[in-house]
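Q: Starting from these lines, generate the structure:
(one chain, ligands or ions: 1)
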Amino acid sequence: MADLAQHDARGRGEQARKSSAPSPDPCIMVIFGAGGDLTKRLVMPALYNLANTGLVPECLAIIGADIADRDTKAWTKSLHDMLEEFVKDPNSEEQLSKVDEDVWSSLADRMTYVQGDFTDDGFYKSLKSTIESAEKKHGTSGNRLFYLAVADRFFGTIIEKLGKAGLVEEDDDGPWRRVVIEKPFGHDLDSAKALNEQVHAVLEERQIYRIDHFLGKETVQNIMAFRFANGIFEPIWNRHWVDHVQITVAETVGVEQRGKFYEPTGALRDMVPNHLFQLLAMTAMEPPSGFRPEAIRDKKFELFSAIETIDPDHAVRGQYDAGKVAGEKARAYRKEKDVAEDSATETYVALRLAIDNWRWAGVPFFLRTGKHMPERLTEIAVRFRRAPLNTFHGTPLDSMPANWLVLRIQPEEGISLQFEVKRPGQVVALEPVKMDFRYADWFAPEPNVGYETLLYDVMIGDQTLFQRADMVEETWRAVGDVLDAWKSAPDDFPNYVSGSAGPEAADRLIGEGAPWRVWREVALPEDKDRPSKEAP
Ligand code: BG6
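A: Numbers count the residues shown, from 1 in each chain. So this is what the prediction gives:
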C-alpha cells in the first residue's frame, strides 16, 4: 500500500510540474562575469538542467562578458569541461549521470563571448552591437536578462552604464529588461541604501531580481507549502504553543580560497541578513492573502520590520582554531590563505532575536551559523511548550520532555516530529520517538544545483523568490548594532576548535534564564535515529 501510494505521488508530482510550467518568453541572457566560478558552477549547470527539462525558451541567445581575452569556442569549452567534471564528481549537487551532448549543443550554439572592461563606456558600445545582432539571429524579441555574476563593487557601475547605453529601457507594452544581482547587496544599512538608490536611478523595482540562492532550495520553498497548505500546523504556530525556534546553518567547509572576500566580510554579513533571515521569514511570516509575488513579499517585509534591532549582548561571535572536521585535520582560520595572522573576523555567529508582533511576542528565535562545524546541516527546529501538567507519576514536571518539529533543509531533506510515547513494559516510562518524512522516500531526485527555479522565475517574470529593496534594508537595520559593536576586535579569538559546535558563549546565550533551552546537536538524522533525552 505504502509503495503504491508513494509511486502515485511521484507520478502526480512530475506530471503536474511538466504540464503547469509555462514556457518562458524568448530572450537574450547576458552574463557579466562569464569566466567566473559562479557562472561555471551554478548559472551554466542550472541553465543546462533547465534545457534538459525543456524549460528554456525556444528562442534564446546567451552572451558571456568578461575581462579575459578568449573567444567563444574557448569559453563554451571551459563551461562544458566544468559540466563534465560535475557529472563525474559524486559529491557535486549536479546529479546527472552524463552530459547529454544534444542538449549541450542546443545551448552552446546560441552562445557568444565578448571581451571587455565593465568600467569602460566603450565596452557597452560593442556589447550593444553584439546584443542587437544576436537578437536578430535568434529571434529573441528584444527581451533581455542581464545577470551580474561579478564582485559587488561592479554592481552599481554596470547598471549605471547599461542605463547610459540604453540597454535596459522598458516600456509598459514593449519587451522586458531584467537585471539579476547576486549577493552581497551592500555590507550594512548605509551601503545597501546607497546601492538601492544607484540602482533605482536606472531601473524600476519590477526589473530588479536580487538573488538569494537559499530561496532556490526546494526545501526552503516547501516551508510555505508546509505551513499554509495544511490546516493543522497554523493554529499552533505562535507564542501560545511555541517555546522557541532554532535555525542552524552549519558548514563543514572552512574559508577555502576565499580569504580575500571573507576577511572583510565575516560570518554575520556573509550568512545572516540574507540566508538565515530568509529561513526566518519563511518560518515566521504571516500567511499571505494569495500566492502573488507582492502579497508574499509584503508579508516578508512586515516580518523583517518586526524584528527588533538585535542587542549586541544577544550576539556571540567565534573563530575556528585548528582541529578535526569529519576525521580530517583542519587548520585554524588565521592560518588560511589571505587571512591575517591576528584576524578578528568571525567564522561563527549565534544570535537571539525577538519578533515584535502579535504572533511571536516573547518567543525567542536563536540563529547560528558557522564554518568547520561537525556536520553540514541546515535545519529549522520549532520547540513546543511542554505539557502543562505532569500526569505521569515519577516524572518531575521540570524534566517533562519537549515536542520538536524539525524542518530539515539540507542535506537530508525532510520533516520530523518528535513526541513522547510510553516505553513497552510494566513500568510507566516515557521515551521520545519521531515521525519522519524524507523527501527521498517520496520523490525521485532531480538534477538541481539550486539556481534552476530562480533562473526560470526571472525568465517568466516572477519576483516571489527575490529580495525587494525595502526587505534588504530592514535586514541590515536588524543587525546594525551588532555590526557596530563588532568593529572592535574580540580578545578571545580563536575560541572554538574546528569540528566542534561553536564557542561556549553560545551555550550561555541560549540557556540564559531558561536552562531547558539548549542547542540541538549538529548531527545528521542517521546519528539521531533515536531522539536523545535532553533538557526539558
Ligand atoms: C554563500 C556564502 O552565500 O553560501 C558561503 O558566501 C557559504 O560562505 C554558502 O558557504 C552556503 O551555501 P550552501 O548552498 O552551500 O549551503
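Q: need the contact list for the residue most central in space within the chain.
A: Residue closest to the average C-alpha location in the chain (Cα atoms, centre = their mean): F214, at 1.5 Å. Contact analysis of F214 by Cβ atoms under 8 Å, 6 or more residues apart in numbering lists 220, 274-275, 278-279. For the C-beta atoms, the positions are set from N, CA and C on the backbone; glycine is no exception.
Q: Throw together a PyMOL command that grabs the buried residues out of these.
A: In PyMOL, this line selects whichever of those come out buried by 16 or more other Cβ atoms under 10 Å:
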select buried, resi 220+274+275+278+279
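Q: Redo the contacts of F214 as JSON lines? Include secondary structure.
A: Listed next are those as JSON lines, based on DSSP: H, G, I helix; E, B strand; the rest coil:
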{"residue": "V220", "secondary structure": "helix"}
{"residue": "N274", "secondary structure": "helix"}
{"residue": "H275", "secondary structure": "helix"}
{"residue": "Q278", "secondary structure": "helix"}
{"residue": "L279", "secondary structure": "helix"}
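Q: Take the contacts of F214 and lay them out in CSV including distance to the ligand.
A: CSV is the format used below for the contacts of F214 (distance: Cβ to the nearest ligand atom, whole Å):
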residue, distance to the ligand
V220, 10
N274, 7
H275, 6
Q278, 11
L279, 11
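Q: for the closest residue to the residue nearest to the centre of the chain other than its chain neighbours, what are its contacts?
A: Leaving aside its sequence neighbours, F214 sits nearest to H275 (Cβ to Cβ, 6 or more residues apart in numbering; 4.3 Å). Listed by Cβ under 8 Å, 6+ apart, the contact set of H275 reads 212-214, 249, 369.
Q: one more time with 10 Å, if that's ok
A: Contacts of H275 were listed using Cβ atoms under 10 Å, 6 or more residues apart in numbering, and they are 183, 212-215, 217, 220, 247, 249, 369, 378.
Q: on that earlier part again, columns pLDDT on top of the contacts of F214, output as CSV?
A: Formatted as CSV, the contacts of F214 follow (pLDDT from 0 to 100):
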residue, pLDDT
V220, 93
N274, 97
H275, 97
Q278, 97
L279, 98
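Q: Look at the residue nearest to the centre of the chain and report its pLDDT.
A: pLDDT, F214: 93.
Q: part of a strand, is it?
A: No - counting by three-state DSSP, F214 is not part of a strand but helix.
Q: Please tell me how far the residue nearest to F214 sits from R352.
A: With distances taken as Cβ to Cβ, to the nearest Å, H275 is found 18 Å from R352.
Q: who in this structure is up against the ligand?
A: Listed as neighbours of the ligand in the chain under the rule Cβ under 6 Å from any ligand atom: 251, 253, 270.
Q: Among those, which one has the most neighbours?
A: When neighbours are counted by other Cβ atoms under 10 Å, D270 leads the residues of the chain next to the ligand with 22 neighbours.
Q: Spatially nearest residue to the residue in the chain positioned nearest to the ligand (excluding sequence neighbours)?
A: Taking Cβ to the nearest ligand atom as the measure, the point where the chain comes nearest the ligand is D270, at 4.8 Å. Closest residue in space to D270, ignoring its immediate chain neighbours: Y262 at 7.0 Å, by Cβ to Cβ, 6+ apart.
Q: related to what we said a few turns ago, and the residue of the chain closest to the ligand, which of the three is it?
A: Under three-state DSSP, the three-state class of D270 is helix.
Q: How about E170?
A: Put simply, E170 is coil when judged by three-state DSSP.
Q: what sits against it?
A: Residues in contact with E170, defined by Cβ under 10 Å, 6+ apart, are 142-144, 176-178, 203-204, 206-207.
Q: picking up where we left off before, the residue of the chain closest to the ligand and E263 touch, don't they?
A: No - using Cβ atoms under 10 Å, D270 makes no contact with E263, being 11.1 Å away.
Q: Show me the common contact partners of these two, please.
A: Applying Cβ under 10 Å, 6+ apart, one finds that D270 and E263 are jointly contacted by 255, 345.
Q: Tell me where the stretch 351-500 of the chain has helices.
A: Assigned helices in the stretch 351-500 of the chain, in chain order: 439-442, 452-460, 469-485 (criterion: DSSP state H, counting those that start in this stretch).
Q: I'd like those helices laid out as JSON lines, including distance to A514 and mean pLDDT.
A: Shown next, in JSON lines, are those (distance: least, Cβ to Cβ, whole Å; pLDDT from 0 to 100):
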{"stretch": "helix 439-442", "distance to A514": "33", "mean pLDDT": "93"}
{"stretch": "helix 452-460", "distance to A514": "38", "mean pLDDT": "95"}
{"stretch": "helix 469-485", "distance to A514": "21", "mean pLDDT": "98"}
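Q: is it possible to export those to TSV including mean neighbour count?
A: Formatted as TSV, these follow (neighbours: other Cβ atoms under 10 Å):
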stretch	mean neighbour count
helix 439-442	13
helix 452-460	21
helix 469-485	20
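Q: Of all these, which one is nearest F118?
A: helix 452-460 (20.2 Å; Cβ to Cβ).
Q: Excluding chain neighbours, give the residue nearest to F277 in space.
A: T475 (4.9 Å).
Q: now do L83
A: Per Cβ to Cβ, 6+ apart, closest to L83 is V99, 5.3 Å.
Q: now A194
A: Ranked by Cβ to Cβ, 6+ apart and with sequence neighbours excluded, the top spatial neighbour of A194 is G186, at 7.5 Å.
Q: The one you found: how many residues sit nearby?
A: 21.
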